[in-house]
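A.B. asks: I would like to see how this sequence folds:
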Amino acid sequence: MNPLFDPATAEAPFFEGLTGQRYAARPEDPDGQPPLDLELIHVQALPHHASATGRAPFSLLFCPSDAARLQQGTYECDGPGVAKATIFLVPVHDPLRGMCLEAIFS
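C.D. replies: Below is the predicted model:
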């Protein structure tokens, strides 16, 4: 059985083995745009702050396969371990890859 991602309970170790995997990300309001082809580049634990869930915060960095125009927003993501999960992504600059999208979970 392949466990699927649940944004409410997921933790960083779930994604650590998925680095390098590709994901299709469809904007919530596609306006005719095709899905983005994103690669999970990095999983990073963030400084721990007490939260109601007790989950340690972490971030995921996804980079596009091409020079796609990246916009902040909610995306429906499909790929290994993730089936139509809704994730809020924000454009960030990665020094090695240029513009990427980041999700933060706390």
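A.B. asks: CA atoms for contacts and neighbours, from now on please.
C.D. replies: Noted.
A.B. asks: Tell me the helices and strands packed up against the longest strand belonging to the chain.
C.D. replies: When the chain is parsed with DSSP state E, its longest strand is strand 82-94. Here strand 82-94 touches strand 73-79, strand 98-105, going by 3 or more CA pairs under 8 Å, 6 or more residues apart in numbering; DSSP states H and E.
A.B. asks: is it possible to export those strands to TSV including mean neighbour count and distance to residue 10?
C.D. replies: Shown next, in TSV, are the helices and strands packed on strand 82-94 (neighbours: other CA atoms under 10 Å; distance: least, CA to CA, whole Å):
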stretch	mean neighbour count	distance to residue 10
strand 73-79	18	15
strand 98-105	19	8
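A.B. asks: TSV for those strands, including distance to residue 8 and mean pLDDT?
C.D. replies: What follows is those, written out as TSV (distance: least, CA to CA, whole Å; pLDDT from 0 to 100):
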stretch	distance to residue 8	mean pLDDT
strand 73-79	15	91
strand 98-105	9	93
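A.B. asks: how about these, which one is nearest residue 58?
C.D. replies: Smallest distance to residue 58 across these (CA to CA): 5.4 Å, for strand 98-105.
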